[in-house]
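Engineer: Coordinates only, no sequence provided:
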């Protein structure tokens, strides 16, 4: 169950997945490509102090146990999330041909996509172990080690955050109950977090007012800056049987002609082993650093009403031209002799500019790797919602920690970036609760019932992080953990 986007210029609305379980969207994704160091250095230029690559690298290392490169200085060896490229699994015929075809199209073969500065094609790193997806719930809240002071209210929606005298006091549920808290950490995801804030009177003043909600803080950036990785696919013409094994995934990163020196690679090809019935094979083209933005707004103040989500379009800067350039690079890969030897049909016909435009117009879609609707920056005048510590501008005792605060689309995947961000900010917030800026009692967190970090049902990874569990107060309810097996 999820949401539906508003119709785009083609009249199409698309279903949007949400991870409404403990562990969020880590139940439906596992790809752990961090992105380029230049991504995070761009964060600092936008006002996210101490979020450059040198500052975030220790937290990426702290998150992971890299099973392939445990000794590399840019990888961790004892973190909660296992990362693997399944190097013990031989290449399939399709994967081997695709790798060589990428090399033939001047995309270098590399062994570690997460090596700082790496640009090229290699196996996708995944948060998995022995063929089983590892979610953030598995890694941080294993059933056998659930913190005694943690209670999760299942199937519970937050109506609003209770704010008095400029400080969050807790959350109100639809039945009218108020759960008091010294600190509220919102992690309802890219669609849910801005919705909760706007229902609480925190957001664009005009929009909040038209909903009949008293304005608590005029923050125009709430629900704005919705970014994604636009994608289009190319059919390489493969018509043979599916691979009789779990599919391997390759990612090939490269720079468009619009990229300047030192910028993050802005395009990628995602190539997976053929699978399904009927068999499907595709070379998917991703625009990793789009300029186009969408938004999330509310239809009403009713917490059960879905938000109005407008996904980004290819309507800003060079977004269309760069995606078209990526599509033509995908075709260059598809016509290499290694792939032609195992494909039975010609690849998608992109022989004219009109065909390219028509194909992109018909076939482009959202992955989605959405981020940004509560963007982080120390400059609220720029449209940001939280500062570099996750604290909501102008409201004490209130923070947001999820993918909604990622300020710019990464040239990697938002899954692992969100986990890194949660690891870092949860550590900071656990420490900050003893600092005067949060107006907290100096009593120890351990064993008290004063503190609450209340995650709503999330549509992204990172909810119920151990740092937040440390802050959780006792409340009535139950937790029904979920386990499922997933192929690599």
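Structural biologist: That came through, no problem. Just so you know, these numbers come straight off a predicted model, no measurement behind them.
Engineer: Mind jotting down where the strands sit in the stretch 101-250 of the chain?
Structural biologist: Here the stretch 101-250 of the chain has its strands, by DSSP state E, counting those that start in this stretch, at 121-123, 128-129, 132-133, 160-164, 167-172, 178-180, 184-186, 202-203, 217-218, 230-234, 249-254.
Engineer: CSV for these, including mean pLDDT and mean neighbour count?
Structural biologist: Backbone N, C-alpha and C define where each C-beta goes, glycine included. Output for these, formatted as CSV (pLDDT from 0 to 100; neighbours: other CB atoms under 10 Å):
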stretch, mean pLDDT, mean neighbour count
strand 121-123, 97, 23
strand 128-129, 90, 20
strand 132-133, 90, 18
strand 160-164, 98, 19
strand 167-172, 97, 20
strand 178-180, 95, 15
strand 184-186, 96, 29
strand 202-203, 98, 29
strand 217-218, 97, 18
strand 230-234, 96, 23
strand 249-254, 96, 23
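Engineer: Those strands into JSON lines, with extra columns for distance to residue 267?
Structural biologist: As requested, the strands of the stretch 101-250 of the chain are exported to JSON lines (distance: least, CB to CB, whole Å):
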{"stretch": "strand 121-123", "distance to residue 267": "12"}
{"stretch": "strand 128-129", "distance to residue 267": "26"}
{"stretch": "strand 132-133", "distance to residue 267": "27"}
{"stretch": "strand 160-164", "distance to residue 267": "40"}
{"stretch": "strand 167-172", "distance to residue 267": "41"}
{"stretch": "strand 178-180", "distance to residue 267": "46"}
{"stretch": "strand 184-186", "distance to residue 267": "33"}
{"stretch": "strand 202-203", "distance to residue 267": "34"}
{"stretch": "strand 217-218", "distance to residue 267": "38"}
{"stretch": "strand 230-234", "distance to residue 267": "11"}
{"stretch": "strand 249-254", "distance to residue 267": "6"}
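Engineer: for those, which one sits closest to residue 426?
Structural biologist: With CB to CB, the closest approach to residue 426 among these belongs to strand 184-186: 8.1 Å.
Engineer: Relative to the whole chain's centre, how far out is that closest one?
Structural biologist: 18 Å (CA atoms, centre = their mean, to the nearest Å).
Engineer: what's that strand packed up against?
Structural biologist: Other elements packing on strand 184-186 under the criterion 3 or more CB pairs under 8 Å, 6 or more residues apart in numbering; DSSP states H and E are strand 167-172, helix 189-199, strand 398-400.
Engineer: strands paired with it, and their directions?
Structural biologist: strand 398-400 (parallel) (DSSP bridges).
Engineer: Centre of the chain to the strand it pairs with, how far?
Structural biologist: 18 Å.
Engineer: which helices and strands does the next helix or strand after it pack with?
Structural biologist: Using DSSP states H and E, the helix or strand that follows strand 398-400 in sequence is helix 414-432. Helix 414-432 sits against helix 53-63, helix 466-471, with contacts defined as 3+ CB pairs under 8 Å, 6+ apart.
Engineer: Give me the residues contacting the longest one.
Structural biologist: By that I understand helix 53-63. Residues outside helix 53-63 that contact it (CB atoms under 8 Å, 6 or more residues apart in numbering) are 34, 37-41, 74-76, 79-81, 116, 416, 419-421, 423-424.
Engineer: Now that helix: average pLDDT?
Structural biologist: For helix 53-63, the mean pLDDT works out to 97.
Engineer: Just the residues contacting whichever helix or strand comes after that helix, thanks.
Structural biologist: The C-terminal neighbour of helix 53-63 among helices and strands, as given by DSSP H and E, is strand 64-66. The contact list for strand 64-66 (CB under 8 Å, 6+ apart) reads 32, 72, 75-83, 114, 125.
Engineer: Distance from the chain centre to strand 64-66, please.
Structural biologist: For strand 64-66, the distance to the chain centre is 19 Å (CA atoms, centre = their mean).
Engineer: Near residue 127, how many residues? Count them for me, please.
Structural biologist: Residue 127 has 26 neighbours, counted by other CB atoms under 10 Å.
Engineer: With residue 61 instead?
Structural biologist: Going by other CB under 10 Å, the residues that sit close to residue 61 add up to 19.
Engineer: Assign a three-state SS to the nearest residue to residue 378 once chain neighbours are set aside, would you?
Structural biologist: Once flanking residues are discounted, residue 378 sits nearest to residue 47: 4.5 Å by CB to CB, 6 or more residues apart in numbering. Following DSSP: H, G, I helix; E, B strand; the rest coil, the label given to residue 47 is coil.
Engineer: Residue 47 and residue 316, how far apart?
Structural biologist: Using CB to CB, to the nearest Å, residue 47 is found at 21 Å from residue 316.
Engineer: Among these two, which residue is more densely surrounded?
Structural biologist: The neighbour comparison of residue 47 against residue 316 (other CB under 10 Å) goes to residue 47, with 19 against 12.
Engineer: does the more buried one really touch residue 383, like I thought?
Structural biologist: No - between residue 47 and residue 383 there is no contact under CB atoms under 8 Å: 10.6 Å.
Engineer: if I read this right, residue 100 contacts residue 338, doesn't it?
Structural biologist: Yes - contact criterion CB under 8 Å: residue 100 and residue 338 qualify, at 4.2 Å.
Engineer: Hmm, residue 220 and residue 380 touching each other?
Structural biologist: No - using CB under 8 Å, residue 380 makes no contact with residue 220, being 9.3 Å away.
Engineer: in the stretch 301-450 of the chain, which spans are helices?
Structural biologist: 319-334, 337-340, 353-363, 414-432 (DSSP state H, counting those that start in this stretch).
Engineer: Can I get those in CSV including distance to residue 110?
Structural biologist: Putting the helices of the stretch 301-450 of the chain into CSV (distance: least, CB to CB, whole Å) gives the following:
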stretch, distance to residue 110
helix 319-334, 16
helix 337-340, 18
helix 353-363, 28
helix 414-432, 18
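Engineer: most tightly surrounded among those?
Structural biologist: Comparing those by mean neighbour count (mean count of other CB atoms under 10 Å), helix 414-432 comes out on top with a mean of 24.
Engineer: what's the angle between that helix and helix 189-199?
Structural biologist: Angle, helix 414-432 to helix 189-199, by axes from the mean of the first three to the mean of the last three CA atoms, to 10 degrees: 50 degrees.
Engineer: pLDDT (mean, whole number) over helix 414-432?
Structural biologist: 92.
Engineer: just stretch 316-329 next, same as before
Structural biologist: 97.
Engineer: Return the set of buried residues in stretch 394-411.
Structural biologist: 395-411 (16 or more other CB atoms under 10 Å).
Engineer: Next, the contact list for the residue nearest to residue 378, please.
Structural biologist: 377, 378, 379, 382, 384, 388.
Engineer: make it 6 Å
Structural biologist: 377, 378, 379 (CB atoms under 6 Å, 6 or more residues apart in numbering).
Engineer: per-residue confidence at it?
Structural biologist: Predicted confidence (pLDDT) for residue 47: 95.
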